[in-house]
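Asks: next one to model:
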Amino acid sequence: MNQPAALAPRPIGDAKYTRGAALPALLASRILILDGAMGTMIQRYKLDEAAYRGERFKDYPRDIKGNNELLSLTQPQIISEIHEQYLAAGADIIETNTFGATTVAQDDYGMGELAVEMNVASARLARAACDKYSTPGKPRFVAGAIGPTPKTASISPDVNDPGARNVTFEELRRAYYEQAKALMDGGCDLFLVETIFDTLNAKAALFALDQLFE
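Replies: So this is what the prediction gives:
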């Protein structure tokens, strides 16, 4: 499910990001280009476990290779480079490196407490790249990527027990709300709820966004 939601003008720190409000008019005048996948671009760098850890997490007790969202903290220059490659290719909108940056998803790595930091940092990296490439004639936009979680609210994790669930709607709503707020604080212009195969999970994400704008 790809469901963009533009942000209303809102002060964030010392800045006021109002670019999202310009999207409807732009979409009425031309097709806007969204960037491509983040994960496959990261794979091109062939990062090993040490690269994912960086100096900050060099002694972390669990394997964390594959936790792409962590790279916004440990390898920010790589994430910025990927953003800039898409912008140089003509993308109007780039997605933050936050596909799995909810507490629910990050708990698989024991890093749920880092979710807010990951989202803020990721949004700031994308914001800086967009600001570098934006011109009056071609503004660039940051989409806060909100993706699926490894736990589903309407699909059983146990084939022998169709009624089993390993997460509640409220837990998902809370995780998505926290993620969206952090993305907004980091400077995103719109949200992209994407690739969520469980419709109840997607509903939790959209409900969280509605609450954020109340």
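
Asks: can you list contacts of stretch 57-75?
Replies: 38-39, 42, 47-56, 78-79, 97-101, 106, 109-111, 114, 117-118, 121-122, 125 (Cβ atoms under 8 Å, 6 or more residues apart in numbering). Every C-beta, even on glycine, is put in place using the N, C-alpha and C of the backbone.

Asks: kindly apply the preceding question to stretch 144-152 instead.
Replies: 38, 95-100, 102, 104-105, 108, 119, 123, 157, 165-167, 172, 175-176, 179-180, 183-184, 186, 188, 190-198, 200-201, 205.

Asks: mind listing what's buried along that stretch?
Replies: Buried residues in stretch 144-152, counted by 16 or more other Cβ atoms under 10 Å: 144-149, 151-152.

Asks: strands paired with the longest strand belonging to the chain, and their directions?
Replies: Ranked by number of residues, the top strand in the chain under DSSP state E is strand 141-146. Strand pairing for strand 141-146, determined by DSSP bridges: strand 93-95 (parallel), strand 190-193 (parallel).

Asks: give me whichever of those is most buried.
Replies: strand 93-95 (a mean of 25; mean count of other Cβ atoms under 10 Å).

Asks: chain center to that strand, what's the gap?
Replies: Relative to its chain's centre, strand 93-95 lies at 10 Å (Cα atoms, centre = their mean, to the nearest Å).

Asks: what is the very next helix or strand once past that strand packed up against?
Replies: Sequence order places helix 103-106 as the next helix or strand after strand 93-95, per DSSP states H and E. Contacts defined by 3 or more Cβ pairs under 8 Å, 6 or more residues apart in numbering; DSSP states H and E place helix 103-106 against helix 115-133, helix 169-186.

Asks: a markdown table for those helices, including mean neighbour count?
Replies: Compiled in a markdown table, these are given as follows (neighbours: other Cβ atoms under 10 Å):
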| stretch | mean neighbour count |
| --- | --- |
| helix 115-133 | 22 |
| helix 169-186 | 22 |
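
Asks: could I get those helices as JSON lines with distance to D210 and mean pLDDT?
Replies: Listed next are the helices and strands packed on helix 103-106 as JSON lines, based on distance: least, Cβ to Cβ, whole Å; pLDDT from 0 to 100:
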{"stretch": "helix 115-133", "distance to D210": "19", "mean pLDDT": "98"}
{"stretch": "helix 169-186", "distance to D210": "10", "mean pLDDT": "98"}
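
Asks: with distance to L209 as added columns, please give these in TSV.
Replies: As requested, the helices and strands packed on helix 103-106 are exported to TSV (distance: least, Cβ to Cβ, whole Å):
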stretch	distance to L209
helix 115-133	14
helix 169-186	6
